[in-house]
Every structure is written in structure tokens, then in C-alpha cells.
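Trainee: Any chance you can model this:
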Amino acid sequence: MVDTTNKLSIWQQNINKSPTCQHNLISSNHLANMGVGIIMLQEPAINPFGLTITARDWMPIYPTPHGTMPARTQVVMLIRSNISTDTWTQLDFPSSDITVMQIMGNWGELTIFNIYNDCDNNDMIKLLSNYYSRNQTRLEHMDAGTANVIWLGDFNHHHPLWDDPNDDHLFTPKAMDAVEVLIEALTDIGLKLALPSRTLTHQHNVTKSWSRLDQVFLLEHSDHMLISCNMQTDLYGILTDHLPIVTLLDLLVEPAAKMPYPNFREVDWEEFKTTLETQLQCLPPPEHILTQHQLDASCEALTSAIQYAIQERVPVTEITPKSKQWWTKELMLLWKKANKLGRQSYKWKIDCEHRVHAEHKEAAKHYARMLKSTKEQHW
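Mentor: As a prediction, this is how the structure comes out:
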């Protein structure tokens, strides 16, 4: 496994609006333990309150129009909470299908576009091209460091450049005409493939054949920062037909300052009481409070005494990546089994009749059922 220390790791996946699939990603701590810093979701799960599924370790970033049109949201970013909020910002974009953020460091800045392009049209590609043209100076030029740009997401286009060129049925005249809009946009901006060609990431629900709809495009001059860009067959996921992709960039991202976390569960309350009594005995004797100044002074003295007792007697715990409270060891075992069979299923993707496909399907269904029921029983 690649060391992700001081690197920026980006996970992307279309999860088909499945809450169970998103819980599989978010509710355990395996992505945080992998060192993933940013999660880019296409077709995320949005609940009736207009919110997506997340956890304490992740901060959700919605498209600009989400506040007024949450039901139309097709992409969500999740930023790891240990990345300093001073190092990144969201850029406004007039679509529910795209989110844009900039992350900064001593090396320069990186603008990330999380994209879902509808399979029936190229509206988002045209909107992206117009946006980039209007903001090119802002996106590509800066006084210090290098300005980098990455497009990633589900583009819903086939082309021999990234698909298996032997799959002629994918390259119909209609499909080739449609993809030319994307090819032209990439050429004009100077974006190139980061995910290797013939890396197939999508399995058709009916035919079970594999193709490539998910992409990662990077500015040509940003090649130097790309460490790796690969799909994750060992983390297949459930209730989705898209494999995840992880892009690792050689960029140092400033971590958020770690704040001490008082652990009141481990307090020796007798010692705490003794320390607090000692501090309270040092305060002036009680008297009637007649003025605001007296009230402020008394409150400040009392607060100081309590804070001193907390500092002296309450142990501090380091906050680490956590799974949800309902996540169990049994779920972890089922998760590992489903992912192992998913990796084997992808290995035998050419042989549609191989028994491992049925085994993986059954294991994924069982895991999905257990995940859903465990969560419901907890609440």
C-alpha cells in the first residue's frame, strides 16, 4: 500500500443514490484509516431533509444550488475534518451536477471539479467549458506556486481512448458524436487522462459487461504531482455498479490543529471534588451582588476555579477516526468477505458464467441486509 502521509488522496465513486452503499463507505472508518482526504460522490444519497449521509470525520460540501433545490443534487464532496479549513474553499458553480473546490498550500493551488454528466445530453460539459473560459485566469495563474486543475466524476461517455477498443458496440455514430463535445473541451483546456486507458470501472446492470464511464482528467503541466490513479477492486462496494477510483497526489495539505478532548468518563470524581473545593476556598467570601461589575467578577472567579479543576483532573483523549456506534465486528467481517469476492469477480469479468459472480452477488446482498438491519436496530 502506498504511504499517504503528507499526500492528498481523493476517493471517487458513483453510488447510485443508495443509502446502504453510502453507509458502507462512511459509517466504518476504513477510508479515514486509508488516509483518504476527500471523497467525491456522484449520485449521492440525499434524505427527505435534503441532507446526505456523513460522519464526524467528514464535512459535506453540496452544490451551490442545493439550498433551494436539494432533490436535484447529483454530486457531493466530503472533506476530511483533519484538513484545515483555512486551506480550502468552495467555488460557486451554477449547477446541481457539479461541485468545485480549491485547496491551497505552499506548492500552489488545486481546483477540483466533481462532475456528473447526464447520459442524455452534454449540458454539463458545455457549462464547464463556458465556466472555465470565463475563469481561466483565476484557475490557471497565481503569483506563487503552480495552479493545478483536475476534473473527475461520471461523464457517461464511451471512447476508444479509454474503453476497450475491441468493444465496437460502444462506439456507435451517435455515441461518437456525443463524446466529441467532451474531447474538444479537454483539448481546449489541456486536460489529459490520469486514469490509465482500458481501466474498466462500470458494469452494465443487464448485460453484465464492463466499460468505462468514470474519469479523472488532469492538466498536462500537473503530471509531476500525480503519484497514482487506480480503481479499487478490493473495495468493490455494494448496491452500485461503479468501482471506486483513488487518485493520490504529491501535495502537502496543512492539517487542522488538534484540539484537546476532555474525557469526562475517566474522571476520578472524588479527586475532582477535592481539587474544586480547594479552589473555591480561595475565592472571596460570599456577598450580595449589587452591580454588574460584581456579577462579572464572581462569574469569572467561579469559572476559573472550575476550569482549573478540569485541567488538573480530567484526562485528555486524542480524537481518532471512528466508525458509527452501530458498526459491529460482524459487519466488518461481512464487509471484508464481500470485498474479497468482489475483487475475484472483477478478475473473472470475461467469464460471465463463473461461480464467483453469484457468490459475490449473494455476499453483497447479505452484507447490505445486515448493515441496514443493524443500523435500524441500533436506533
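
Trainee: Please make it C-alpha for all contacts and neighbour counts, starting now.
Mentor: OK.

Trainee: Excluding covalently adjacent residues, which one is nearest to residue 272?
Mentor: Of all residues not flanking residue 272 in the chain, residue 313 sits nearest, at 5.6 Å (CA to CA, 6 or more residues apart in numbering).

Trainee: Likewise for residue 245?
Mentor: Once flanking residues are discounted, residue 245 sits nearest to residue 231: 4.0 Å by CA to CA, 6+ apart.

Trainee: Surely residue 50 and residue 71 touch.
Mentor: Yes. Between residue 50 and residue 71 a contact is recorded at 6.9 Å, counting by CA atoms under 8 Å.

Trainee: and the residue nearest to residue 245, how many neighbours?
Mentor: 22 (other CA atoms under 10 Å).

Trainee: who's in contact with it?
Mentor: 199, 201, 243, 244, 245, 246 (CA atoms under 8 Å, 6 or more residues apart in numbering).

Trainee: Now for the fourth one: which residues touch it?
Mentor: To tie it back to what came earlier, the one meant is residue 244. For residue 244, the contacting residues are 11, 12, 13, 14, 201, 231, 232, 233, 235, 236, 237, by CA under 8 Å, 6+ apart.

Trainee: Next, the nearest residue to it once chain neighbours are set aside: secondary structure please.
Mentor: Nearest residue to residue 244, sequence neighbours excluded (CA to CA, 6+ apart): residue 13, at 4.7 Å. Recorded secondary structure, residue 13: strand (DSSP: H, G, I helix; E, B strand; the rest coil).

Trainee: So that it lines up with my notes, have the first residue be 614 from now on.
Mentor: In the new numbering, first residue 614, that becomes residue 626.

Trainee: Residue 626: what's it in contact with?
Mentor: 653, 654, 655, 766, 855, 856, 857, 858.

Trainee: hmm, back to that, present the contacts of residue 844 as CSV; the columns should include pLDDT, distance to residue 694 and secondary structure.
Mentor: What follows is the contacts of residue 844, written out as CSV (pLDDT from 0 to 100; distance: CA to CA, whole Å; DSSP: H, G, I helix; E, B strand; the rest coil):
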residue, pLDDT, distance to residue 694, secondary structure
812, 95, 31, coil
814, 94, 28, coil
856, 94, 25, coil
857, 95, 21, coil
858, 97, 21, strand
859, 96, 19, strand
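
Trainee: got a list of contacts for stretch 805-812?
Mentor: Stretch 805-812 is contacted from outside by 774-777, 799, 825, 828-833, 839, 842-844, using CA under 8 Å, 6+ apart.

Trainee: related to what we said a few turns ago, residues near the residue nearest to residue 885, how many?
Mentor: 22.

Trainee: right, and it touches residue 886 too?
Mentor: No. Taking contacts as CA under 8 Å, residue 926 lies outside contact range of residue 886: 9.4 Å.

Trainee: Can you give the strand pairings for the strand or helix carrying residue 622, parallel or anti for each?
Mentor: Using DSSP states H and E, residue 622 sits within strand 621-627. With DSSP bridges as the test, strand 621-627 is paired with strand 651-655 (parallel), strand 858-862 (antiparallel).

Trainee: Buried deepest among the ones you listed, which one?
Mentor: Mean neighbours per residue, mean count of other CA atoms under 10 Å, is largest over the strands paired with strand 621-627 for strand 651-655, with a mean of 25.

Trainee: can you give me how far that one is from the chain middle?
Mentor: 4 Å (CA atoms, centre = their mean, to the nearest Å).

Trainee: Rounded mean pLDDT for the longest helix along the chain, please.
Mentor: Identified as the longest helix of the chain according to DSSP state H is helix 968-991. The pLDDT scores in helix 968-991 average 84.

Trainee: buried ones in that helix?
Mentor: Across helix 968-991, burial judged by 16 or more other CA atoms under 10 Å covers 969, 970, 972, 973, 974, 976, 977, 980, 981, 984, 987, 988.

Trainee: Okay then, goodbye and thanks.
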